[in-house]
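Asks: turn this into a structure:
(one chain, ligands or ions: 1)
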Amino acid sequence: MPDPSLPAAGPVTLVVGEALVDVVHRPDGSVTESPGGSPANVALTLGRLGRSPQLLTALGEDARGTRVADWLTASGVTVRGLRSQRTSTATAVLGSDGAAQYTFVLSARLRSDGPTAAEVLHVGSISSLLDPDAATVAAAVDAATGTALISFDPNIRPLLIPDDGADAVRERVRLLRARSAVVKASDEDVAWLHPGADPRAVARAWAEEGAALVVVTLGAGGAFAVHRGVDVEIAGVPVDVVDTVGAGDTLMGALLDGLLTLGVSGPGAADRLTALATADIAAVLRRAAAAAAVTVSRAGAEPPTRAELDAAVPSTGQGARTDG
Ligand SMILES: OC[C@H]1O[C@](O)(CO)[C@@H](O)[C@@H]1O
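Replies: Model prediction:
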């Protein structure tokens, strides 16, 4: 029987980008493998929240690929994309504060298995910024322009970017930002993109350049957003940190879920997003921050189900007003 707490799946929601295996080294010396990849984690979050997303990704024809695909499928994600030989891995070394430093072995290549029509498209991180997958991601964004809510999270992993490749990555970020109604970045992303700049000033500038909603996450300090030229501060949610793996991805997925609830998808989505009341955006972001806090409170990228999220934010009446 379908879970009655879940919304009807609704608009076609597509995430394009890497799925991989995070090999996590913990401060106590233990090493565990868990499925990951920023876009995969966003799809997982949307799946657990009942949105039945598709994930166009690159997995290998190996045991790791099967494990990642099963993990996504079990949460309601439809896994798409042609398989490569080997699944990519990330080595995440956790500090005593739970923060992760990543190195990568990228072996799988993103290859589409068919049309990518969608009413919501989320792209980001490694595939969106680096060759050879960036071209596939850009094609999906082109295909969705005008027909979908386009969302982008650069989720930059500097260790993958050679010094002489930094300008090309910054340019890709700029181009994807220009096509996206929703842009979410971490304060670390902003620091890499605009060294020395105030993250709030950068968010305002990105919004002025055209994104309907810009969100910059500030780690334990919460998040800052700009909508309709209005600043929105979202307080950090107090939590005992186990690790931060997948926290930003969870916030991203829960943010999209909240926007879907408010009717933001399909043709005209950016205008509808702009027309929303900023108070409704703030409510969506508070709920998304609560979702991220759940992920931070447990090991690895384990976003909450809708029931878990409802329990974490019992009083967040996410208003359905769309009248600005
Ligand atoms: O995709 C790049 C990396 O980012 C994460 O998604 C965390 O945000 C990891 O699971 C992955 O290794």
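
Asks: run a quick neighbour tally on Leu59.
Replies: For Leu59, the count of nearby residues is 30 (other C-beta atoms under 10 Å). Backbone N, C-alpha and C define where each C-beta goes, glycine included.

Asks: typo on my end, it should be Ser88
Replies: There are 26 residues near Ser88, going by other C-beta under 10 Å.

Asks: that one and Ala108 touch, don't they?
Replies: Yes. The pair Ser88 / Ala108 is scored as a contact, 5.0 Å apart, by C-beta atoms under 8 Å.

Asks: list the residues that contact both of the two?
Replies: Glu18, Leu20, Ala58, Gly60 (C-beta atoms under 8 Å, 6 or more residues apart in numbering).

Asks: run through the bridge partners of the second one.
Replies: To tie it back to what came earlier, the one meant is Leu20. Beta bridges link Leu20 to Gly36, judged by DSSP bridges.

Asks: what's the answer for the last one, then?
Replies: For Gly60, the beta-bridge assignment (DSSP bridges) gives partners Ser84.

Asks: what segments of the stretch 1-150 of the chain are strands?
Replies: Under the criterion DSSP state E, counting those that start in this stretch, strands of the stretch 1-150 of the chain are mapped to 13-16, 20-25, 31-36, 54-56, 78-80, 89-94, 100-105, 120-124, 149-153.

Asks: now do the third one against strand 89-94, angle only.
Replies: Counting by axes from the mean of the first three to the mean of the last three C-alpha atoms, to 10 degrees, strand 31-36 points 120 degrees away from the direction of strand 89-94.

Asks: and strand 31-36, what's buried?
Replies: Counting neighbours by 16 or more other C-beta atoms under 10 Å, one finds that the buried residues in strand 31-36 are Ser34, Pro35, Gly36.

Asks: Leu175 in helix, strand or coil?
Replies: Here Leu175 is recorded as helix under DSSP: H, G, I helix; E, B strand; the rest coil.

Asks: residue of this structure closest to the ligand, please.
Replies: Distances between the chain and the ligand by C-beta to the nearest ligand atom are smallest at Gly36, namely 2.7 Å.

Asks: what confidence value was assigned to that residue?
Replies: With respect to pLDDT, Gly36 scores 95.

Asks: separation between it and Ala92?
Replies: In this view, Gly36 and Ala92 are 8 Å apart by C-beta to C-beta, to the nearest Å.

Asks: who touches both of the two?
Replies: Asp22, Val245.

Asks: what strand or helix carries Gly196?
Replies: Secondary structure from DSSP states H and E places Gly196 outside every helix and strand.

Asks: count the residues that sit near it.
Replies: Other residues close to Gly196 by other C-beta under 10 Å number 5.

Asks: go on, Asp28?
Replies: Burial of Asp28 is recorded as 7 neighbouring residues (other C-beta under 10 Å).

Asks: confidence score at it?
Replies: Per-residue pLDDT puts Asp28 at 92.

Asks: do the one 5 residues further on as well
Replies: At Glu33 the predicted local distance difference test score is 94.

Asks: residue contacts, the residue of the chain closest to the ligand?
Replies: For Gly36, the contact set (C-beta under 8 Å, 6+ apart) comprises Ala19, Leu20, Val21, Asp22, Ala90, Ala92, Val245, Gly246, Gly300, Ala301.
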